[in-house]
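Student: here is the input, now give the coordinates:
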Amino acid sequence: MTGGRVHRLAERDRAVVAFHLDGAPVSALSGDTVLTAILSLRPILRQAEFGPEGRAGFCLMGACQDCWIWQERGFRLRACSTEIRSGMRLRTVAPQAWDRP
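Tutor: Numbering: from 1, shown residues only. Presented below is the predicted three-dimensional model:
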């Protein structure tokens, strides 16, 4: 995955954190939020639940509800206020769409 919306300008010497995004192994830097980790890899955070639009977070402080994504177990989390952790398995589409072709 390349072409992220966020481009890292500093603090590149932090430890690497491995996680999975939509089934693919990827990495971020220790201390990144889930939002920063994903937007450094791709231009959108997730697909909207009720349309084809991509979402990328809005308020960036946990108030607007725009940055919800899902763990593979189905639980949601706020990407803007959750720190990335090694081994996370994250999905950018809602669980009801996981079995669709």
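Student: which residue is nearest the centroid of the protein?
Tutor: Nearest to the mean C-alpha position of the chain, counting by C-alpha atoms, centre = their mean, stands Ile38 at 3.9 Å.
Student: Three-state assignment for that one, please.
Tutor: Classification of Ile38 using DSSP: H, G, I helix; E, B strand; the rest coil returns helix.
Student: test my guess that it contacts Gly54.
Tutor: No: applying C-beta atoms under 8 Å as the test, Ile38 and Gly54 come out as separate, 11.4 Å apart. Using the backbone N, CA and C atoms, a C-beta is placed for each residue, glycine as well.
Student: residues shared between the contacts of those two?
Tutor: Residues touching both Ile38 and Gly54 (C-beta atoms under 8 Å, 6 or more residues apart in numbering) are Leu45.
Student: tell me the pLDDT of the residue nearest to the centre of the chain.
Tutor: Per-residue pLDDT puts Ile38 at 95.
Student: now it. Nearest residue, chain neighbours left out?
Tutor: Once flanking residues are discounted, Ile38 sits nearest to Leu45: 5.5 Å by C-beta to C-beta, 6 or more residues apart in numbering.
Student: what about that neighbour, distance to Ala15?
Tutor: 23 Å (C-beta to C-beta, to the nearest Å).
Student: neighbour count: these two, which is higher?
Tutor: More crowded of Leu45 and Ala15, by other C-beta atoms under 10 Å: Leu45, with 21 against 8.
Student: so who does that one touch?
Tutor: Contact analysis of Leu45 by C-beta under 8 Å, 6+ apart lists 35, 38-39, 54-57, 67, 69, 79, 92.
Student: mind running it again at 7 Å?
Tutor: Going by C-beta atoms under 7 Å, 6 or more residues apart in numbering, Leu45 touches 35, 38-39, 55-57, 67, 69, 79, 92.
Student: tell me the most packed of these, by neighbour count.
Tutor: Going by other C-beta under 10 Å, Ile38 tops the contacts of Leu45 with 31 neighbours.
Student: which residues does that one contact?
Tutor: So Ile38 contacts 21, 45, 79 (C-beta under 7 Å, 6+ apart).
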